[in-house]
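S.K.: Whatever this is, show me its structure:
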Amino acid sequence: MVYYTDRAGNQRTRKRPVLSATSSDKQKGTRMKFSIAMQFLNPIRALINRSWCIQTSRGVLPFDDVLGKMIRGGIDGAYPDLQINHGAVQISGGKLDGPLNLTFEMAGDEAVLTREISPQISRTSSPDDILHFVLVNDAKESTMVFEQKALRGDLSLRLALPAKFWKDELHGFFFFVNHNGKDASATTYRNYVQ
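M.R.: Alright, predicted model coming up:
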């Protein structure tokens, strides 16, 4: 028997698992999906925990909810040829309006973001909502997090990026968080290919 304490502090027991001699391709695929998702999401764990404003099941942490959704829908292919479907990855969620007609381009060493503002912002959104985004360079296995760089009312933003981000494909995940951090928008994905 294995004795352990769950997240709620309750004492639990279970039988020790019996391991088979060889793992099936399905088991290997599930392990590989978990590994890929953890490697992708772990650098932004704190951001996910702050920006996932969707009600989760009792005892499920925001990061775990996002991890499960990524494993189920954010990784494509069959074992051993699995890859991230960046457009399906959601790292934020809530009732706020997302960025409208967002464009993401590079001008030299700067990331240039432009967007429009809706003439009618929903009741839950405000011009003071803060834009957060994550840029991922898979080729260099590098992730950059940008928080509190612009407001919903700012229609453009220019940011200098390190040289290692200039030449490769970049994946951008953009969302708004309200000023008190209690709500967020769904993630808007854009990529840049030179």
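S.K.: who does the lengthiest strand in the chain pair up with?
M.R.: Ranked by number of residues, the top strand in the chain under DSSP state E is strand 142-151. Strands that pair with strand 142-151, judged by DSSP bridges, come out as strand 130-137 (antiparallel).
S.K.: Show me what counts as buried in the strand it pairs with.
M.R.: Within strand 130-137, the residues scored as buried using 16 or more other Cβ atoms under 10 Å are 130-137. C-beta coordinates here come from the backbone N, C-alpha and C atoms, glycine included.
S.K.: As PDB, could you dump the C-alpha coordinates of it?
M.R.: C-alpha atoms of strand 130-137 as PDB (Å, rounded to 0.1, in the frame of the first residue of the first chain):
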ATOM      1  CA  ILE A 130      -3.700  45.600 -19.100                       C
ATOM      2  CA  LEU A 131      -2.200  43.800 -22.100                       C
ATOM      3  CA  HIS A 132      -0.100  40.800 -21.200                       C
ATOM      4  CA  PHE A 133       1.700  38.500 -23.700                       C
ATOM      5  CA  VAL A 134       4.100  35.700 -24.000                       C
ATOM      6  CA  LEU A 135       6.500  35.200 -27.000                       C
ATOM      7  CA  VAL A 136       7.900  31.800 -27.600                       C
ATOM      8  CA  ASN A 137      10.900  30.900 -29.800                       C
END
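S.K.: that older thread, reformat the buried residues of strand 130-137 as JSON lines; add distance to Phe104.
M.R.: Converted to JSON lines, those look like this (distance: Cβ to Cβ, whole Å):
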{"residue": "Ile130", "distance to Phe104": "18"}
{"residue": "Leu131", "distance to Phe104": "12"}
{"residue": "His132", "distance to Phe104": "14"}
{"residue": "Phe133", "distance to Phe104": "9"}
{"residue": "Val134", "distance to Phe104": "12"}
{"residue": "Leu135", "distance to Phe104": "9"}
{"residue": "Val136", "distance to Phe104": "12"}
{"residue": "Asn137", "distance to Phe104": "13"}
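S.K.: and of those, the nearest to Gln83?
M.R.: Val136 (13.2 Å; Cβ to Cβ).
S.K.: one step back: which of the residues in the longest strand of the chain are buried?
M.R.: Neighbour counts using 16+ other Cβ under 10 Å place 143-144, 146, 150 of strand 142-151 among the buried residues.
S.K.: Check which element follows that strand along the chain.
M.R.: Using DSSP states H and E, the helix or strand that follows strand 142-151 towards the C-terminus is strand 156-160.
S.K.: Next, the buried residues of that next one.
M.R.: If you call a residue buried by 16+ other Cβ under 10 Å, then strand 156-160 has these buried ones: Leu157.
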